[in-house]
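**Student:** coords below, sequence missing:
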Ligand SMILES: C[S@@+](CC[C@H](N)C(=O)[O-])C[C@H]1O[C@@H](n2cnc3c(N)ncnc32)[C@H](O)[C@@H]1O
């Protein structure tokens, strides 16, 4: 069997090689385009039992960390609940979605204050802990495993939505915007949302290439190396987990936002009257560690 060598003149067997295998136009190699929408990091590896060991264990096992404060600036979950209560004008009986609720610290307290709380998170480990703590507190929260990019059919269901401790900005920008649109979708018209994120000016002022992020008195620690990409606005972290003599590495990232950019994203996603506060619930300044964005859906 001969291959016709001429891709240009060979037209459906009309070239001069009788009985040859003709390369029809449709047989030409066609470039394959894969549309990859892979996650930018493995959230299952990041939000696991090790995370709870360092960030949700009793304080008596913690030792001081070294480096800038980039984590939470709140003293306790009850203090967060006080701020959320005030900024979201919460009242008992309101339906609240805690989106990316983690291990349920805030959701359980809001439920204890009389709200009808749903907590959604992708981490089964965190949700198990949230349910156990809810039972211990004697509160009822509807904990749902899910993905913030595709929320269930909850259109217009919630009076209020909270998204706390930099639980936004894990994806590429179109997908991050989709998450905002999902937030707007599940709120009733006039409903309010509160997001708690790093305050960019303060965050940048305290930037270091690495730091010890958390330690325990037995020597366990989290050591982070940082990379800030000005082209994407992403803060990328290579984390080394040292626990019980074992070493594990993982990576994660978060998108950083200045208030005007996030305000414009919120507006495009269907929110209006977007305002910014610090961790003391006062109007945002460069001195605050945290940026709380309050937005009302149209
Ligand atoms: C920094 S933690 C904050 C948790 C909680 N809001 C708090 O204040 O403790 C981020 C949370 O986002 C969750 N998460 C990450 N990707 C998610 C996704 N695609 N859908 C839902 N939750 C996600 C993680 O499991 C984790 O609980």
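**Tutor:** On my side now, so go ahead. Note that this is a predicted model, so its numbers are computed, not measured. Residues are numbered from 1 along each chain as shown.
**Student:** contacts and neighbour counts: CA atoms only from here.
**Tutor:** Fine.
**Student:** Where does residue 201 fall, secondary structure wise?
**Tutor:** Assessed by DSSP states H and E, residue 201 sits inside helix 200-205.
**Student:** Can you give me the buried ones in that helix?
**Tutor:** By neighbour count, and taking 16 or more other CA atoms under 10 Å as the criterion, the buried residues in helix 200-205 are 200, 201, 202, 203.
**Student:** can you give me the helices in the stretch 51-200 of the chain?
**Tutor:** Counting by DSSP state H, counting those that start in this stretch, residue ranges of the helices within the stretch 51-200 of the chain are 77-87, 105-112, 124-137, 173-186, 200-205.
**Student:** Show me what the helix holding residue 201 is in contact with.
**Tutor:** With contact meaning CA atoms under 8 Å, 6 or more residues apart in numbering, helix 200-205 is reached by 70, 256, 257, 258, 286, 287, 288, 289.
**Student:** what two of those residues are the furthest from one another?
**Tutor:** Within the contacts of helix 200-205, two members stand farthest from each other by CA to CA: 256 and 287, at 16.5 Å.
**Student:** ok, residue 236 touching residue 227?
**Tutor:** Yes: in terms of CA atoms under 8 Å, residue 236 counts as a neighbour of residue 227; the distance is 5.0 Å.
**Student:** Secondary structure class of residue 222, three-state.
**Tutor:** Residue 222 carries the three-state label strand when classified by DSSP: H, G, I helix; E, B strand; the rest coil.
**Student:** Is it in contact with residue 240, as I believe?
**Tutor:** Yes: with contact taken as CA under 8 Å, residue 222 and residue 240 are classed as touching, separated by 5.8 Å.
**Student:** Pick out whichever of these two has more residues nearby.
**Tutor:** residue 222 (22 against 17; other CA atoms under 10 Å).
**Student:** And what about residue 274, helix, strand or coil?
**Tutor:** When the structure is reduced to helix, strand and coil (three-state DSSP), residue 274 reads as strand.
**Student:** who does the nearest residue to it once chain neighbours are set aside bridge with?
**Tutor:** Taking CA to CA, 6 or more residues apart in numbering, and ignoring the residues beside it in sequence, residue 274 has residue 295 as its nearest neighbour in space, at 4.3 Å. Note on residue 295: beta-bridge partners residue 193, judged by DSSP bridges.
**Student:** what's around residue 295, how many residues?
**Tutor:** When neighbours are defined as other CA under 10 Å, residue 295 has 25 of them.
**Student:** And residue 259, by the same measure?
**Tutor:** By other CA under 10 Å, neighbour count at residue 259 equals 21.
**Student:** among the helices of the stretch 51-200 of the chain, which is the most enclosed?
**Tutor:** Comparing these on average neighbours per residue, with mean count of other CA atoms under 10 Å, the densest one is helix 105-112 at a mean of 24.
**Student:** Provide the contact partners of it at residue level.
**Tutor:** Applying CA under 8 Å, 6+ apart, the external contacts of helix 105-112 come out as 77-78, 80-81, 98, 101, 117-119, 130, 133-134, 137, 139-141.
**Student:** Any regions of this protein where pLDDT drops low?
**Tutor:** Judged against pLDDT under 70, the low-scoring parts of the chain cover residues 1-37, 59-73.
**Student:** how about the strands in it?
**Tutor:** Counting by DSSP state E, the chain has strands at residues 62-63, 95-99, 116-121, 142-145, 158-163, 187-198, 210-216, 221-229, 234-243, 246-255, 271-277, 290-297.
**Student:** Verify the contact between residue 180 and residue 266 for me.
**Tutor:** Yes: between residue 180 and residue 266 there is a contact under CA under 8 Å: 6.6 Å.
**Student:** Get me the contact residues on the stretch 101-250 of the chain for the ligand.
**Tutor:** Counting by CA under 6 Å from any ligand atom, the residues of the stretch 101-250 of the chain lying close to the ligand are 101-102, 121-123, 146-148, 163-167.
**Student:** Can you select the buried ones from those in ChimeraX?
**Tutor:** Of these, the buried ones can be selected in ChimeraX as follows, counting by 16+ other CA under 10 Å:
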select :101,102,121,122,123,146,148,163,164,165,166,167
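**Student:** Now flag whichever of the residues of the stretch 101-250 of the chain next to the ligand is closest to residue 273.
**Tutor:** Comparing those against residue 273 with CA to CA picks out residue 163 as the nearest, at 17.6 Å.
**Student:** quick one: the residue lying closest to that closest one once chain neighbours are set aside and residue 50, what's the gap?
**Tutor:** Computed as CA to CA, 6+ apart, the closest residue to residue 163 that is not its neighbour in sequence is residue 195, at 4.7 Å. For residue 195, the distance to residue 50 equals 25 Å [CA to CA, to the nearest Å].
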